[in-house]
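K.L.:
I'd like to go over a predicted model; first the sequence, then the structure.
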Amino acid sequence: MAQQGPQKSAIIIPDEPPVLPLESLSYPVHYAPYISNVVIPYGLVLDRIERMAEEISQDLQASCDPEEGLHAICVLKGGFKFFTDLTDRMQSKNCCHKSLKISSHFIRARSYQNDQSTGSVSIMKLYDLEVLANKTVLVVEDIVDTGHTLSKLIEHLHQYKPKTIKVASLLLKRTPLHNGLFPDSHLSDQR
Ligand SMILES: O=P(O)(O)OC[C@H]1O[C@H](OP(=O)(O)OP(=O)(O)O)[C@H](O)[C@@H]1O
C-alpha cells in the first residue's frame, strides 16, 4: 500500500529551481516551441531511477518470493517510459540472491484534460488481471498530482486480491489539491 508521506531519499525540486539553458543541452528540435529551459535533466532522472530500482529491490526482499516474482503494472500512457527504464534496471538487481522475475501488465488510466486534473478518473483494464491474486504488485506511474488516479487504481487492483501493492512514481507534485496518498518510491516532489 502507498505510504503516508514523501519518501526520504526523494530529490526535492525547490519552488524556484535552478534551470539549465537549452543551448547547453541536446533535445528534440520539435520541443523547442514548448520549452525555454530544463529543470530536471534526463541524466539525473536515470541516476535516480537506478537508485529507485535498488531501493525497491531491497524493499522486496521482505515481501516477494523471487521464484514467484514481481507483477509490475505500467499505467498508460504517461507511465510507459518510466516503466521500461525502471523495470530494465530492476531486472539486473537481485532479490534474496536470485535475479528477480518481472511480469509486465498494462492498464490505462485517464484523468487529465489538457493540463488540468479533472478529478474524475477512468480506468481501462487492457488484459485479464486475475493472475495478480496473492502476488506482489508494483504500480508504476509517471506522476502523482492530486492522487485521485492512484487512489482509483489501488481500489481497482484490490478486487484481484494481491498480497501486496507497492507504488513507484517518477514525480510527486507538491499541491494543496493532493489527497494524502503517497507513492512508496519516487524521484522528486515537484512537477
Ligand atoms: O494524481 P492525479 O491528479 O490523478 O494525476 C496523475 C495522473 O494524470 C496523468 O495521466 P493522464 O490522465 O494525463 O493520462 P495519460 O497518462 O494518458 O497522459 C498521469 O499520467 C497520472 O496517471
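P.N.:
On my side now, so go ahead. Numbers count the residues shown, from 1 in each chain.
K.L.:
which residues sit against the lengthiest strand in the chain?
P.N.:
Scanning the chain for the strand with the most residues, using DSSP state E, yields strand 102-113. For strand 102-113, contacts defined as CB atoms under 8 Å, 6 or more residues apart in numbering pick out 69-77, 83, 87, 90-91, 117-127, 129, 131-132, 146, 148-149, 152-153, 156. From N, CA and C alone the C-beta is placed, and that goes for glycine too.
K.L.:
near the ligand, which of those show up?
P.N.:
75, 77, 117, 146, 148-149 (CB under 6 Å from any ligand atom).
K.L.:
which of the residues you listed lies closest to residue 161?
P.N.:
Nearest to residue 161, judged by CB to CB, of those is residue 75 at 19.8 Å.
K.L.:
hang on, the closest one packs against residue 141?
P.N.:
Yes - using CB atoms under 8 Å, residue 75 is in contact with residue 141, at 4.9 Å.
K.L.:
now do the shared contacts for these two.
P.N.:
Common neighbours of residue 75 and residue 141 (CB under 8 Å, 6+ apart) are 149, 153.
K.L.:
what about the residue nearest to residue 83 when sequence neighbours are not counted, distance to residue 34?
P.N.:
Distance criterion CB to CB, 6 or more residues apart in numbering; nearest residue to residue 83, sequence neighbours excluded, is residue 74 at 3.9 Å. Relative to residue 34, residue 74 is positioned 25 Å away (CB to CB, to the nearest Å).
K.L.:
so for the two, which residue has more residues nearby?
P.N.:
residue 74 (25 against 6; other CB atoms under 10 Å).
K.L.:
list the helices and strands the helix or strand hosting that one packs on?
P.N.:
Assigned by DSSP states H and E, residue 74 falls within strand 70-76. Packing contacts for strand 70-76, counted by 3 or more CB pairs under 8 Å, 6 or more residues apart in numbering; DSSP states H and E, involve helix 80-91, strand 102-113, strand 136-144, helix 148-158.
K.L.:
relative to strand 70-76, how tilted is the first one?
P.N.:
Between helix 80-91 and strand 70-76, the angle comes out at 160 degrees (axes from the mean of the first three to the mean of the last three CA atoms, to 10 degrees).
K.L.:
contacts only, for residue 72.
P.N.:
Counted by CB under 8 Å, 6+ apart, residue 72 has contacts 83, 87, 90, 102-105, 137-138, 140.
K.L.:
could you single out the nearest of the residues you listed to residue 15?
P.N.:
Within those, the smallest distance to residue 15 is 26.7 Å, found for residue 140 (CB to CB).
K.L.:
how about the nearest residue to the closest one, chain neighbours excluded?
P.N.:
Residue 140 sits nearest to residue 83 (CB to CB, 6+ apart), 4.5 Å away.
K.L.:
can you tell me how far the residue nearest to residue 168 when sequence neighbours are not counted sits from the ligand?
P.N.:
The shortest distance from residue 168 to any residue other than its chain neighbours is 4.3 Å, reached at residue 185 (CB to CB, 6+ apart). Between residue 185 and the ligand the distance is 16 Å, computed by CB to the nearest ligand atom, to the nearest Å.
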